[in-house]
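# Let's see this in three dimensions:
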Amino acid sequence: MSLPLAPDATDYISLEDAHFIQAPEAFFRAWKRGAQIAGTEWFGDGTHEGWLRAHSKWDLKPRLLVVNDALGVLSGGEKIFLSAMVSFYNAREGGAMLKRSGFLGFADLGGLDLERRKVITDLALNYSGW
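Next up is the predicted model:
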């Protein structure tokens, strides 16, 4: 015998289902914004034209070797933002980059401007795996 779900529970499940149906597209839009903010040279084929042509997150994968090599010359905020983005693509690589960038925890995201915070928030909210 199965018991019916409480009305609040069915509303919650419906909201979650609706969110996660649209999450992959919302993630890509946030990812593309982040790639533009960080610099298109770090993603996909490394060109602005490649960024314009991108239709999925796969078209804008981080260029891990290039990003790793550049960490030493980027500002603190640039390092953290770019490393946080990379961590959505590859947790191990991104985590190591965050550590190299001096990132100790989420409070360190407080040093980012509003635009970058919104990107990271949207990525976290809509992440459903790479």
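# In the chain, where is pLDDT below threshold?
Scanning the chain with the threshold set as pLDDT under 70 gives 1-7.
# just the strands in it please.
For the chain, strands defined by DSSP state E do not occur.
# Give the buried residues for the lengthiest helix in the chain.
Ranked by number of residues, the top helix in the chain under DSSP state H is helix 7-38. Across helix 7-38, burial judged by 16 or more other C-beta atoms under 10 Å covers Ala26, Phe27, Phe28, Ala30, Trp31, Lys32, Arg33, Gly34, Ala35, Ile37, Ala38. Heads up, the C-betas are built off the backbone N, CA and C, glycines and all.
# hang on, isn't the fourth one packed against Val119?
Right, the one you point to is Ala30. Yes. Using C-beta atoms under 8 Å, Ala30 is in contact with Val119, at 5.5 Å.
# Which elements pack onto the longest helix of the chain?
Helix 7-38 sits against helix 48-53, helix 76-89, helix 114-126, with contacts defined as 3 or more C-beta pairs under 8 Å, 6 or more residues apart in numbering; DSSP states H and E.
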